[in-house]
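Enquirer: Need coordinates for the below:
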Amino acid sequence: MSSTSIDDLLAFEEEPAPEGPRARGSRVGPALRSLAIAAAVVVVLLVGLRAIGLKVSLPVLVAGVLAVLAVRRVTALLAPPPPPPPAARVTTGEEDGSYNWGSRDALRAAINGWERPLDWSSGNRERFTERILPRLGELADERLRQRHGLTRDSDPIRARALLGDQLWRFLATPSRRPPSPRDVAAIVAELEKI
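Expert: Just a heads-up that it's a prediction; the model follows:
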């Protein structure tokens with residue numbers, strides 16, 4: 001049996017950036033593609049406007065197209081992550097004697113169940129308060145129920161004593177800002193001590 005803590009499941013290590021000519025090429029490629037798209041749109045708009053008898057200054061048209069493409073790029077970067085695809089039944093697995101690591105891995109499903117909401121609400125207090133805080137409260141109640149036979153609602157005085165003031169305040173009153181990863185790690189450590 002492995003002893004994996006909640007901290008191990010929530011740990012995140014960034015991969016190092018690629019080095020060398022390939023890293024430089026990866027920055028130039030999207031820029032060239034954007035410029036090619038902008039040039040194509042400008043040409044089509046210029047031909048279309050001239051065909052209907054309108055004359056527009058070329059610098060104004062180029063600036064407008066670049067502005068629209070920039071806004072499109074920024075909104076694409078700020079969009080929330082797409083929802084996970086629906087789980088499809090995989091026919092390989094236990095039926096044929098092999099183990100399919102991707103289809104029924106409960107640990108991966110549990111990690112994904114926390115990873116996506118944490119990532120999605122990392123910079124937004126309202127999202128954190130609506131999505132993550134109730135889940136942490138449920139975890140605290142479950143730990144209290146399993147280890148001490150109570151919940152925060154059934155015996156608030158004893159639950160507060162067992163949780164500690166910091167964890168109790170965190171769960172009872174939403175903060176003004178989303179907590180940092182360090183704060184979440186401290187809260188998880190407190191939950192593990194229950």
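
Enquirer: Extract the residue ranges of the protein that are flagged as low pLDDT.
Expert: Within the chain, the stretches with pLDDT under 70 are 1-26, 87-124.

Enquirer: report the longest helix in it, please.
Expert: The helix that spans the most residues within the chain, counting by DSSP state H, is helix 21-51.

Enquirer: Walk me through the domains of this structure.
Expert: Following automatic domain parsing, one finds the domains of the chain at 24-78, 107-193.

Enquirer: Looking at these, which one is packed in the most?
Expert: Stretch with highest mean neighbour count among those: domain 107-193 (a mean of 14; mean count of other C-beta atoms under 10 Å). Any C-beta I mention is one placed from the backbone N, CA and C, and that applies to glycine too.

Enquirer: thinking again about what came up before, dump the helix or strand just after the longest helix of the chain to CSV, keeping only the CA atoms.
Expert: From helix 21-51 onward toward the C-terminus, using DSSP states H and E, the following helix or strand is helix 58-78. Taking Å, rounded to 0.1, in the frame of the first residue of the first chain, the C-alpha atoms of helix 58-78 are listed here in CSV:
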residue,chain,number,x,y,z
LEU,A,58,-4.6,50.7,-46.2
PRO,A,59,-2.9,51.5,-42.8
VAL,A,60,-6.4,51.8,-41.2
LEU,A,61,-7.5,48.5,-42.7
VAL,A,62,-4.3,46.7,-41.5
ALA,A,63,-4.7,48.2,-38.0
GLY,A,64,-8.3,47.1,-37.8
VAL,A,65,-7.6,43.6,-38.9
LEU,A,66,-4.6,43.3,-36.5
ALA,A,67,-6.8,44.6,-33.6
VAL,A,68,-9.5,42.1,-34.3
LEU,A,69,-7.0,39.3,-34.5
ALA,A,70,-5.4,40.4,-31.2
VAL,A,71,-8.7,40.5,-29.4
ARG,A,72,-9.6,37.1,-30.8
ARG,A,73,-6.2,35.7,-29.5
VAL,A,74,-6.6,37.2,-26.1
THR,A,75,-10.2,36.0,-25.6
ALA,A,76,-9.0,32.5,-26.7
LEU,A,77,-6.3,32.5,-24.1
LEU,A,78,-8.7,33.7,-21.3
